[in-house]
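Enquirer: from the sequence below, what's the structure:
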Amino acid sequence: MSINVEQVSFNYGKKKALNTLNFTLESGQFSALLGPNGAGKSTLFALLTRLYSLQSGSIQLQGLDLQKTPTQVMQQVGVVFQQSTLDLDLSVQQNLAYHAALHGFSSAEANIRIALELERMSMADRANEKVRALNGGHRRRVEIARALLHQPSVLLLDEPTSGLDPQTRKILNQHVRQLCEDQQLTVLWATHLIDEIHSQDRVLLLHQGSLLSSGTGGDLCTLSGKKQLAHAFEYLTQHTVAAA
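Expert: Predicted coordinates for the structure are as follows:
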């Protein structure tokens with residue numbers, strides 16, 4: 001297994017954001033973390049990336065415990081957060097070079113890795129452009145390239161297509177799927193958009209902090225008795241609210 005989450009709960013004061021989550025993700029798998037805004041997706045990502053400390057439960061990545069060996073774990077993880085963290089006044093190359101330096105790469109090694117990842121993301125010809133001049137989709141590609149510089153085995157993306165147009169969202173989603181296939185990356189893609197999920201994808205359906213289902217998109221349809229994933233998602237979330 002690549003990611004293992006056991007009995008994880010998290011509260012903001014008296015408000016429960018996550019309620020006893022349990023799931024595992026296999027290596028080389030594209031998985032979607034699906035849920036409406038406020039479902040707890042960003043809270044889970046904050047725990048997976050150590051922005052928040054665990055209050056209960058445990059998280060293992062690549063067999064390593066996040067609390068016991070945090071440095072080793074984070075060396076295995078690449079992250080793209082919902083809010084962009086690029087320096088708009090630096091070029092693409094400068095942004096990536098700065099990140100590579102934080103990982104301790106020499107200039108020569110950094111240049112090799114930067115060239116490789118920009119080529120992989122079809123951004124090699126934009127290396128010397130300032131990030132401010134790029135559109136939203138291209139900025140996201142740069143952030144993904146940056147997240148992969150240290151060759152992680154796990155890639156976490158929190159609402160990576162937020163604010164992008166449908167065509168750009170589709171292209172970016174396809175790029176990440178190809179990376180998953182080519183490099184055997186374990187990908188966890190958080191979204192509230194049904195059209196970013198395929199029926200064969202592993203889907204973690206999160207609603208009001210609880211995990212409603214962790215099967216494939218097709219399993220959600222079977223569970224709900226609906227033919228379309230969008231209808232299955234709507235049925236399952238509404239049914240849960242009604243039963244609460």
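
Enquirer: which SS state does the most centrally placed residue in the chain fall under?
Expert: Residue closest to the average C-alpha location in the chain (Cα atoms, centre = their mean): Leu157, at 2.1 Å. Secondary structure, DSSP: H, G, I helix; E, B strand; the rest coil: Leu157 is strand.

Enquirer: contacting residues for Glu6?
Expert: Residues counted as contacts of Glu6 (Cβ atoms under 8 Å, 6 or more residues apart in numbering) are Asn22, Gly57, Ser58, Ile59. From N, CA and C alone the C-beta is placed, and that goes for glycine too.

Enquirer: am I right that the residue nearest to the centre of the chain is in contact with Trp189?
Expert: Yes: assessed by Cβ atoms under 8 Å, Leu157 is found in contact with Trp189 at 5.0 Å.

Enquirer: show me the helices in the protein, by range?
Expert: Applying DSSP state H to the chain gives helices spanning 41-48, 70-74, 92-102, 107-120, 136-147, 166-183, 217-224, 229-243.

Enquirer: could I get those helices as CSV with mean neighbour count?
Expert: Listed next are the helices of the chain as CSV, based on neighbours: other Cβ atoms under 10 Å:
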stretch, mean neighbour count
helix 41-48, 22
helix 70-74, 15
helix 92-102, 18
helix 107-120, 16
helix 136-147, 22
helix 166-183, 16
helix 217-224, 18
helix 229-243, 15
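
Enquirer: TSV for those helices, including distance to Ala32 and mean pLDDT?
Expert: Shown next, in TSV, are those (distance: least, Cβ to Cβ, whole Å; pLDDT from 0 to 100):
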stretch	distance to Ala32	mean pLDDT
helix 41-48	10	94
helix 70-74	22	91
helix 92-102	26	96
helix 107-120	22	95
helix 136-147	16	93
helix 166-183	10	88
helix 217-224	8	72
helix 229-243	10	59
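
Enquirer: want to throw these into TSV with distance to Asp201?
Expert: Below are those laid out as TSV (distance: least, Cβ to Cβ, whole Å):
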stretch	distance to Asp201
helix 41-48	15
helix 70-74	25
helix 92-102	29
helix 107-120	22
helix 136-147	18
helix 166-183	9
helix 217-224	5
helix 229-243	9
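
Enquirer: and of the ones you listed, who's closest to Leu34?
Expert: Relative to Leu34, the nearest member of those by Cβ to Cβ is helix 229-243, separated by 6.7 Å.

Enquirer: what are the bridge partners for the residue nearest to Leu66 when sequence neighbours are not counted, then?
Expert: Of all residues not flanking Leu66 in the chain, Ile59 sits nearest, at 4.3 Å (Cβ to Cβ, 6 or more residues apart in numbering). Bridge pairing for Ile59 (DSSP bridges) gives the partners Val5.

Enquirer: got it, and the one 5 residues further on?
Expert: Taking DSSP bridges, one finds Leu61 as the beta-bridge partners of Leu64.
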